[in-house]
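Novice: what's the 3D shape of this:
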Amino acid sequence: MHNLWIPVVAIFVVAGLVFGSQAYSEAQRDAHIAATIAERLDSQAPAEISHLTQVNKGYGMCGDYALSRESGRFYYNHATKRLALGTDAPLYHDNCEGVSD
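Specialist: Numbers count the residues shown, from 1 in each chain. From the prediction side, this is the model:
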């Protein structure tokens with residue numbers, strides 16, 4: 001019976017590693033987007049991002065950002081590293097129109 005515990009424990013360890021690394025990766029992605037927005041707006045503090053929605057088969061991210069003096073919506077493409085701030089930006093309009101309503 002004790003031989004059954006080894007595969008069970010191994011399955012739980014592997015599952016924890018897979019889901020843990022995915023959560024860590026998403027946190028890094030969010031931090032990178034927040035830092036990129038702050039850099040674009042010449043802010044020392046990172047932006048707060050919320051209402052995130054993946055678009056373009058996971059390559060793009062739409063959402064809201066907030067800084068101490070400014071807030072709005074953004075689109076960020078992970079593959080091209082392009083950032084669009086505001087709903088008037090053509091890149092935002094093409095990728096996020098109707099998604100974050």
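
Novice: where along the chain do the strands fall?
Specialist: Listed in chain order, the strands found in the chain under DSSP state E are 48-55, 60-66, 71-77, 82-85.

Novice: of all those, which one is nearest residue 36?
Specialist: Proximity to residue 36 (Cβ to Cβ) singles out strand 82-85 among these, at 5.5 Å. For every residue, glycine as well, the C-beta is placed using N, CA and C.

Novice: okay, how far is it across stretch 56-75, tip to tip?
Specialist: Taking Cα to Cα, to the nearest Å, the span from the opening residue of stretch 56-75 to its closing residue is 11 Å.

Novice: ok, back up a step: dump the strands of the chain into CSV; add mean pLDDT and distance to residue 97 as well.
Specialist: Compiled in CSV, the strands of the chain are given as follows (pLDDT from 0 to 100; distance: least, Cβ to Cβ, whole Å):
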stretch, mean pLDDT, distance to residue 97
strand 48-55, 91, 10
strand 60-66, 93, 9
strand 71-77, 92, 10
strand 82-85, 92, 12
